[in-house]
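Visitor: sequence and predicted structure below; questions after.
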Amino acid sequence: MSLVVQKYGGSSLADADSIKRVARRIVDTRKAGNRVCVVVSAMGDTTDELLDLAGAVSPSPPEREMDMLLTAGERMSMALVSMAIANLGDSARSYTGSQAGVITDDVHGKARIIDVTPGRIQEALDGGHIVIVAGFQGVSQDTKEITTLGRGGSDTTAVALAAALEADVCEIYTDVDGIFTADPRIVPSARKIDRISNEEMQEMAASGAKVLMLRCVEYARRFNLPIHVRSSFSHREGTWVYEPDEGETVEAPIIAGVAHDRSEAKLTVVGVKDSPGKAAQIFQAIADAEINIDMIVQNISAADTGRTDVSFTLPKSDGQKGVKVLQAAKEAIGFDSLQYDDQVGKLSLIGSGMRSHPGVSATLFQALADAGINIEMISSSEIRVSVVTRDDQLDDAVRAVHTAFGLDTSEGEAVVYGGTGR
């Protein structure tokens, strides 16, 4: 018997009817001769609603208590899906992340999985049960506290469990038919991708494509685990994320897709002395505060002052923390002021074909110029070019670039079956 790990997102579990539909799909997978382990997210917008509720109660809730609160959403889903499966005459067992053996570090809100010890899961599967696991959560190896894995943590839970159980495939069910060349909510003419490499998917996830989260793709790549991204609202073939075989000669398209991200802000350190060690001081202070950074730009220093500006992007959620950290270090670093801007958006063009096709950047910049969109920052890797623009111009930028690279499809609009995109 094959072992299939499935993950269902919040939009697939939005209400009682949706949960019943998912339960039927799980039971059908089981009846097809598979052992089935399922990871579930919280229903609909439950996590966001819990965040709003916490904010209404306290402007700065303790991180430990936030994790205790937020894990409730997935626990509700796992129990309800198990009940729906039982109603269909099959046997299901539900487990929290800690019961499933998901071991993490002790960082609340964005813990990383250290190990998975799925003894109870394996025992339940061997006993003929369908297993339902609450995603997004685990237990700290050191403190034994409940932790959450951050946004998209259920995807990571599913892939980590699939790797630990040596599953044949990890199916990620969502509210679209697969991975598209752009977000179909913004670009209705986006084309579904049938197969995409882990490398390209990692870049898309890191650049803001929300259909799969970065850590999930990294985990799958590390364990050479195929991921099938598909819709829980249809039975169409989705998108396979895979590690190409060595020597695979299938010609990749120049551009795999266009990703966008509204979750970042830009912080500029104005009037820094242009001398060795100053950049190190800035980014060491940011690192000590456990803030991740993305793009970095340093201007040429002014000839009359010998000072320069250093700009970088960071998560909006860490924006004010970053400002406070640098203000506290202002005297040691020696700069004039800080400029914080959270009205920016990032567009990224991704494709392994960039390696062998010149002119990609020229086409990108011309498309943005023709659309009247100004570029504020630029960064690139071997298979990605990213630009920062104004937030209110980002959607237009994505559509313009998508069209410029011939990614639009003539086969009709992409279908978004559910979800608010919140």
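Guide: That came through, no problem. Here the structure is a predicted model, which is why all the values come from computation and not from measurement. Residues are numbered from 1 along each chain as shown.
Visitor: how deep is the closest residue to residue 415 other than its chain neighbours tucked in, by neighbour count?
Guide: Closest residue to residue 415 in three dimensions, ignoring its sequence neighbours and counting by C-beta to C-beta, 6 or more residues apart in numbering: residue 177, at 6.5 Å. (C-beta placed from N, C-alpha, C; glycine too.) By the criterion of other C-beta atoms under 10 Å, residue 177 has 21 neighbours.
Visitor: what of residue 76?
Guide: When neighbours are counted by other C-beta under 10 Å, residue 76 registers 16.
Visitor: pull up the per-residue confidence for the closest residue to it other than its chain neighbours.
Guide: Nearest non-adjacent residue to residue 76, counting by C-beta to C-beta, 6+ apart: residue 43, 6.5 Å away. For residue 43, the model assigns a pLDDT of 94.
Visitor: wait, residue 43 sits on residue 75?
Guide: No: counting by C-beta atoms under 8 Å, residue 43 stays clear of residue 75, with 11.0 Å between them.
Visitor: of these two, which one has the most company?
Guide: Ranked by neighbour count (other C-beta under 10 Å), residue 43 and residue 75 place residue 43 first, with 23 against 17.
Visitor: spit out the contact partners of the more buried one.
Guide: 10, 13-15, 19, 73, 76-77, 80 (C-beta atoms under 8 Å, 6 or more residues apart in numbering).
Visitor: now the helices for the stretch 151-300 of the chain?
Guide: Applying DSSP state H, counting those that start in this stretch to the stretch 151-300 of the chain gives helices spanning 153-164, 198-206, 214-222, 278-288.
Visitor: return the most buried member of the ones you listed.
Guide: helix 153-164 (a mean of 28; mean count of other C-beta atoms under 10 Å).
Visitor: let me see the mean pLDDT of it.
Guide: Mean pLDDT, computed over helix 153-164, is 95.
Visitor: other residues contacting it?
Guide: Contacts of helix 153-164 with the rest of the structure, by C-beta under 8 Å, 6+ apart, involve 5-7, 9, 37, 39-41, 74, 97, 100-102, 113, 116-118, 121, 133, 135-138, 149, 167, 169-170, 172, 212-213, 215-216, 219-220, 222-223, 225, 227.
Visitor: switch the cut-off to 6 Å
Guide: By C-beta atoms under 6 Å, 6 or more residues apart in numbering, the list of residues contacting helix 153-164 from outside reads 5, 7, 39, 41, 113, 116, 118, 135-136, 149, 170, 212-213, 215-216, 219-220, 223, 225.
Visitor: filter those residues down to the ones in strands?
Guide: In this view, the contacts of helix 153-164 that belong to strands under DSSP state E are 5, 7, 39, 113, 116, 170.
Visitor: of the residues you listed, which is the most crowded?
Guide: Neighbour tally across the ones in strands among the contacts of helix 153-164 (other C-beta under 10 Å): the maximum, 33 neighbours, falls on residue 39.
Visitor: I'd say it and residue 7 touch.
Guide: Yes: between residue 39 and residue 7 there is a contact at 4.3 Å, judged by C-beta atoms under 6 Å.
Visitor: and the ones in strands among the contacts of helix 153-164, which is closest to residue 32?
Guide: residue 5 (14.8 Å; C-beta to C-beta).
Visitor: which ones are touching that closest one?
Guide: Residues in contact with residue 5 (C-beta under 6 Å, 6+ apart) are 37, 158, 161-162, 167, 170.
Visitor: gap between the residue lying closest to it once chain neighbours are set aside and residue 116?
Guide: Nearest residue to residue 5 in three dimensions, chain neighbours excluded: residue 162, at 3.9 Å (C-beta to C-beta, 6+ apart). For residue 162, the distance to residue 116 equals 10 Å [C-beta to C-beta, to the nearest Å].
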